Structure formats: C-alpha cells, structure tokens
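Colleague: Generate a structure from the sequence data that follows.
(one chain, ligands or ions: 1)
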Amino acid sequence: MRKKIVAGNWKMNNDLAHTESLISDLKKQKNTSVAEVMIAPTFTNLWMAFESLRQSDIEVIAQNMHFAESGAYTGEISAKMLKSIGVTTVILGHSERRAYFNETNELLAKKVDAALDNDMSVIYCFGEELSDRKSGKEEDVVKSQISEALFHLPKEAFKSIVLAYEPVWAIGTGETASPEQAQDMHAFIRKTLAEKYGEDVADSVSILYGGSVKPDNAKEIFSKPDVDGGLIGGASLKADDFFAIVNAF
Ligand code: PGA
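Modeller: I've put the predicted structure just below:
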C-alpha cells in the first residue's frame, strides 16, 4: 500500500504569532482519513512548530535546504541543521524555487543527494508551465525534471522519496488540473519510474498532486488511482480548509 500524504506548504507566510495560532487551530482538528499530515512552516518557525507538534501526528517538514554540509553559503540552511531540530523531511524543487531562485534539475540532484546522505526524506516537486502544455510538451518536461534530478539514484533511494506533480499554471492561480489531467500525468510518471526502476518501485512511490487543491475539489482529485495525496499551498493556511482536504481521503 502506498502512503497517502497531505502536506501543507506555508511558503513565506505566517510570522511567529500566526504560526502559533494556526498550530493551535490545527491541534483542534481531527484526522479521520488514512493520510499522513505534514506542514512546512518557514525556517524561523520550524523549531517552535516542531516542539509544539511533537506529541501530535502532524509532521513538521522544511520547504528547502542547501546541498552543502556547512560553510560559506550566507543565508542558507543545511540538512544537518534541519536534523538537529528534529526535521527529517524536506520539500525540494518547488516551482517557485525553480522560477525565482534559478534552481535547476542539476542543482536539485545535489540537494536530493544531500538529503538522502543525511537520512532525510524528500518531497521532490516538478511540473510543466502553461506554454509546455499548450505545445504538447508536458510529458517531456516532466520526464526530464524527474530523470535529471533523480535517475542517478539507486532503487533503494525511492523508499525515501515522494513525488509531487505541480503544474505551474495551477499553482496559486485557482486553476486546477482536472482530475483526469492529474491522473493521466500521474500514470505517466509511474510508467516513467517503471521503465527505469521496475514495477515494484513505480508501485511503491507516492505521487502527490499540487496546484489549487481546495476543500471542494480534493475528493475528486484524490479519488484517482495514481493520486496519493496533495501538496497544498493557499488552502493550508486555514486549519478548517486544510483538514477538510486531509479528510477528503
Ligand atoms: P496552491 O499551491 O495550493 O496555493 O496552488 C500549491 C503549491 O505551491 O504547493
């Protein structure tokens, strides 16, 4: 059985006071689903969030990290630093990191290696832009985003990797891929994994969908056989909405 996961990516939202109040709202919610729940607050609030949710079944994860262990990388955070406060899962390759911070598949391969070398789990994000989809290149783009950052890895590494397909045209735009578009791409991703690593790996890796998932569309998206959960941006900033999505499973 593949893991079902709903992860909230808070992005650069919520200062300390907001983080405290959102976490206290989250603690009042009931998880009636089969999904594992994760939240990714900003770096300055990770420790507080981790401590506050220590006894809960909500995992606190990071939005990004650097590939180096330490050194002259002003403003960056390493895997060891995250691990030292108990954080063991990191989101890598989010489209906003790719678009605004020039993160390439090649750089992301190094970040993935660093996370795995430190026994962390990775939620690896990728997805095509609108122009790629309009020109029918979405599968080629997605295939290169996966293969260039991940296909140097041995089979066993995929025990620690979750994939998140997030079409850029659906992120924060209110546009959602239709459940069929999501299913088609997730099936393609699984086929791509199977060709490289075999059916057992392809069947065991969770593939999340991200891009304007909301309480009113989550159930239909999550009902698709190759969709194993969601990476939620905007709707993860309200406890009720986030748990309405979690409980859509
Ligand atoms: P959104 O963001 O749900 O606000 O579209 C998704 C994401 O960026 O992970």
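Colleague: Mean pLDDT per helix and strand in this structure: which one sits at the bottom?
Modeller: For the chain, the helix or strand with the lowest mean confidence is helix 130-134, at a mean of 93 (criterion: mean pLDDT, DSSP states H and E).
Colleague: So which elements touch that helix?
Modeller: Based on contacts counted as 3 or more C-beta pairs under 8 Å, 6 or more residues apart in numbering; DSSP states H and E, the elements that helix 130-134 packs against are helix 138-150. Every C-beta, even on glycine, is put in place using the N, C-alpha and C of the backbone.
Colleague: What are the contacting residues of the helix it packs on?
Modeller: With C-beta atoms under 8 Å, 6 or more residues apart in numbering as the contact definition, helix 138-150 has outside contacts at 93, 105-106, 108-109, 112, 124, 126-129, 132, 161, 163, 165, 167, 185, 188-189, 192-193, 196.
Colleague: How far off centre is that helix?
Modeller: Helix 138-150 has its average C-alpha position 16 Å from the chain's average C-alpha position, going by C-alpha atoms, centre = their mean, to the nearest Å.
Colleague: How many residues are close by the residue in the chain that the ligand sits nearest to?
Modeller: Closest contact between the chain and the ligand, by C-beta to the nearest ligand atom, is at Gly233 (2.2 Å). Under the neighbour criterion other C-beta atoms under 10 Å, Gly233 is assigned a count of 22.
Colleague: picking up where we left off before, which of the contacts of helix 138-150 are buried?
Modeller: When the contacts of helix 138-150 are checked for burial by 16 or more other C-beta atoms under 10 Å, the buried set is 93, 105, 108-109, 112, 124, 126-129, 132, 161, 163, 165, 167, 185, 188-189, 192-193.
Colleague: Among the residues you listed, which are located in helices?
Modeller: Asn105, Leu108, Ala109, Val112, Asp132, Met185, Phe188, Ile189, Thr192, Leu193 (DSSP state H).
Colleague: Check which residues of stretch 207-218 are buried.
Modeller: Burial within stretch 207-218, assessed by neighbour count using 16+ other C-beta under 10 Å, is assigned to Ile207, Leu208, Tyr209, Gly210, Gly211, Ser212, Val213, Lys214, Pro215, Asn217, Ala218.
Colleague: Next: stretch 62-77.
Modeller: So, applying 16+ other C-beta under 10 Å, buried residues of stretch 62-77: Ala62, Gln63, Asn64, Met65, His66, Phe67, Ile77.
Colleague: my guess is the fifth one meets Tyr73, correct?
Modeller: Yes: if you go by C-beta atoms under 8 Å, His66 and Tyr73 touch, sitting 5.5 Å apart.
Colleague: if we can go back for a sec, let me have the buried residues of stretch 207-218 in JSON lines, extended by distance to the ligand.
Modeller: Formatted as JSON lines, the entries for the buried residues of stretch 207-218 read as follows, by distance: C-beta to the nearest ligand atom, whole Å:
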{"residue": "Ile207", "distance to the ligand": "14"}
{"residue": "Leu208", "distance to the ligand": "9"}
{"residue": "Tyr209", "distance to the ligand": "9"}
{"residue": "Gly210", "distance to the ligand": "4"}
{"residue": "Gly211", "distance to the ligand": "5"}
{"residue": "Ser212", "distance to the ligand": "4"}
{"residue": "Val213", "distance to the ligand": "6"}
{"residue": "Lys214", "distance to the ligand": "8"}
{"residue": "Pro215", "distance to the ligand": "12"}
{"residue": "Asn217", "distance to the ligand": "11"}
{"residue": "Ala218", "distance to the ligand": "11"}
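Colleague: Having no further points to raise, I will conclude here.
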